[in-house]
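Undergrad: have a look; sequence and predicted model below, questions after that.
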Amino acid sequence: MTTNQPSADPATTGPEPEPDHGAVVDVDRLTVAYGTFTAVREVSFRIAPGEVFGLVGPNGAGKTSIVEAVGGLRPVRGGRVTVCGHDPRRDREAVTRLVGMQLQESQFPSRARVGELCDLYEAIYRAPGSSAALLEAFGLADRRRSPIADLSGGMRQRLALALAQIGDVRLVVLDELTTGLDPHQRRETWRSVLDLAARGVAVLLTSHAMDEVEALCGRVAVLRGGEIVALDAPARLTEAHAGPSTFTVDLATAADGEPERAAGVEERLGGLGLTRLPGAPGRLEFAGSFPADYDRIVRLLADAGLPPSAVGRSTPTFEDAYLRLVGAADGTTGTKEA
Ligand SMILES: Nc1ncnc2c1ncn2[C@@H]1O[C@H](COP(=O)(O)OP(=O)(O)OP(=O)(O)O)[C@@H](O)[C@H]1O
C-alpha cells in the first residue's frame, strides 16, 4: 500500500528533535518484533541527503520491516529511528510530509481514478498541480480519468512511484521498486530515482535485483536473518566478498604458434606468483584481483610484444558478493566477461 495518509493529531507530536548528524534517516540499533519473533535485530545505518541507500537480503530477512519502521508504520521494539530528527511514530504529521512511500504491493482503491488520487496527494502534501509533470514523466498523463482497476500492473507501479514524489519530500522509500516493469520502464525508473537523489532527496530502497542496487545505490546494507552482515558501497563489497577474478591467456594465439615463445610466456607468467587454475590445453588460467593482477599480466604480455587482448578476464559481480554474504553462493562466479 502506498501510505502517505496524514495523521494530524497534534497531541501525538513529540518533543524537540534530537541531533541527527545531518542525516535524513538515522536508524540506531533498531529491533522490530512480531509477538515473540524478532524479525530485525539491532540494525543501524544513516542516510544522507541525496544518498540512495539499499537494503538487500533474502525473503524474510527483514527489509520491509525496517522500511515500515522508518515510515512510522511499524512499532519499534528496541533502538531508535529518526527522519530529519523526528520520531516517525510520535511526529506522524511532520514525517508524513517529509516521506514519500512506494511500498510493495501498492494498493489503491480500485474505483478511484488516477486524477483523484493525484488530487488527494497534492492536498496531503500541500503541492497543488505538482502531479501533472510526474504523470507526464511516468507515461501516465493520458490516464488521469482511468479507474485504478483499468491500469496494468506496471502502470500501477509507476503511479505509486509518481505519488511517492509529490510534495517537498526529503526521503522517498521504494520497496521493490521495479517489480513488474519491463526493461525500458525499469531503466526510466532508475533515471528518475537518480534525478531525485540529484535534487538532494534521500532514497531508501529494497530490491532483489542486484544490478539495480549496483546501478543506483551509493551504499547498501546486506541483511541476513534480521541482522546487517555487511554495509558499504556495492563496488567495495564486490571487491571484498565476491571472490577472485579469473584471467585466461590463450597461449597458442598469444605466442603465434611458436612453442618456444609460448614456453617463455608461460614461465614468465608463472613468475607472477598467481594461483594457477586448471585450464584447457593451450590456455593458462589464473585467479587474482582486478585490476591489480590483471594489469600485471597485461604488462608482462606487453613486454613479450603481445596485446592486452591476449588476456581474457571474468570478474565476479556484486551479485556474487551478495550470494556469498548471505550464505547462498553455489560456487559459480564470474559473470562479467571482458
Ligand atoms: N505481520 C507480521 N506478523 C508476523 N511475522 C511477520 C509479519 N511481517 C513480517 N513477518 C516476519 O518477519 C520476517 C521479516 O519479514 P519482512 O517482510 O520484513 O522481510 P523482507 O526481507 O521484506 O522479505 P521479502 O523479501 O520477502 O519481502 C519474516 O520472517 C516474516 O515472516
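TA: Arrived safely.
Undergrad: just the element for L55, please.
TA: If you go by DSSP states H and E, L55 is part of strand 52-56.
Undergrad: residues in contact with G139?
TA: By C-beta atoms under 8 Å, 6 or more residues apart in numbering, G139 lies in contact with 158, 185, 188. The C-beta positions use only the backbone N, C-alpha and C, and glycine is treated the same way.
Undergrad: among these, who's most crowded?
TA: Neighbour counts for those (other C-beta atoms under 10 Å) peak at R158, which has 27 neighbours.
Undergrad: from the ligand, how far off is that residue?
TA: 20 Å (C-beta to the nearest ligand atom, to the nearest Å).
Undergrad: ok, and the closest non-adjacent residue to that residue?
TA: Nearest non-adjacent residue to R158, counting by C-beta to C-beta, 6 or more residues apart in numbering: F138, 4.3 Å away.
Undergrad: for the stretch 201-338 of the chain, which spans come out with low pLDDT?
TA: Applying pLDDT under 70 to the stretch 201-338 of the chain picks out residues 254-257, 328-338.
Undergrad: what segments of the protein are helices?
TA: Secondary structure of the chain (DSSP state H): helices located at 63-70, 92-98, 114-124, 131-137, 153-164, 183-198, 210-216, 234-241, 251-254, 259-270, 292-303, 318-325.
Undergrad: alpha carbons only: can I get the shortest one in CSV?
TA: Put plainly, it is helix 251-254. Output in CSV follows, covering the C-alpha atoms of helix 251-254 (Å, rounded to 0.1, in the frame of the first residue of the first chain):
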residue,chain,number,x,y,z
LEU,A,251,49.0,-19.3,-25.3
ALA,A,252,48.6,-20.7,-28.8
THR,A,253,47.3,-17.3,-30.0
ALA,A,254,49.5,-15.3,-27.8
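Undergrad: angle of the strand holding L55 against helix 318-325?
TA: Calculated by axes from the mean of the first three to the mean of the last three C-alpha atoms, to 10 degrees, strand 52-56 forms an angle of 50 degrees with helix 318-325.
Undergrad: what's around G273, how many residues?
TA: 10.
Undergrad: against P58, how distant is it?
TA: For G273, the distance to P58 (C-beta to C-beta, to the nearest Å) stands at 37 Å.
Undergrad: do the same with V265
TA: Distance from V265 to P58, by C-beta to C-beta: 44 Å.
Undergrad: so those two - more neighbours on which side?
TA: V265 (23 against 17).
Undergrad: wait, that one touches L251, no?
TA: Yes: contact status for V265 versus L251: in contact at 6.5 Å, counting by C-beta atoms under 8 Å.
Undergrad: quick check: chain neighbours aside, which residue is closest to F108?
TA: Leaving out its chain neighbours, the residue that sits closest to F108 by C-beta to C-beta, 6+ apart is I148, at 4.7 Å.
Undergrad: and the chain, which of its residues are near the ligand?
TA: Contact residues (C-beta under 6 Å from any ligand atom) of the chain with the ligand: 34, 37, 39, 57, 59-65.
Undergrad: can you do 5 Å?
TA: 34, 39, 59-65 (C-beta under 5 Å from any ligand atom).
Undergrad: taking those, tell me the two that lie furthest apart.
TA: Farthest-apart pair in those is Y34 and N59; separation 15.4 Å (C-beta to C-beta).
Undergrad: which one of these two is surrounded by more residues?
TA: For Y34 versus N59, neighbours defined as other C-beta under 10 Å are more numerous around Y34 (10 against 6).
Undergrad: what separates that one from P316, distance-wise?
TA: 36 Å.
Undergrad: ditto for E93
TA: Counting by C-beta to C-beta - E93 and P316 are separated by 47 Å.
Undergrad: can you read off the pLDDT for S106?
TA: As predicted, S106 sits at a pLDDT of 59.
Undergrad: distance check, the residue of the chain positioned farthest from its centre against V43.
TA: Computed with C-alpha atoms, centre = their mean, the maximum C-alpha offset from the centroid of the chain is found at E260, amounting to 50.4 Å. Distance from E260 to V43, counting by C-beta to C-beta: 61 Å.
Undergrad: now swap in L325 and tell me
TA: 15 Å.
Undergrad: neighbour count for the two, which is higher?
TA: More crowded of L325 and V43, by other C-beta under 10 Å: V43, with 24 against 20.
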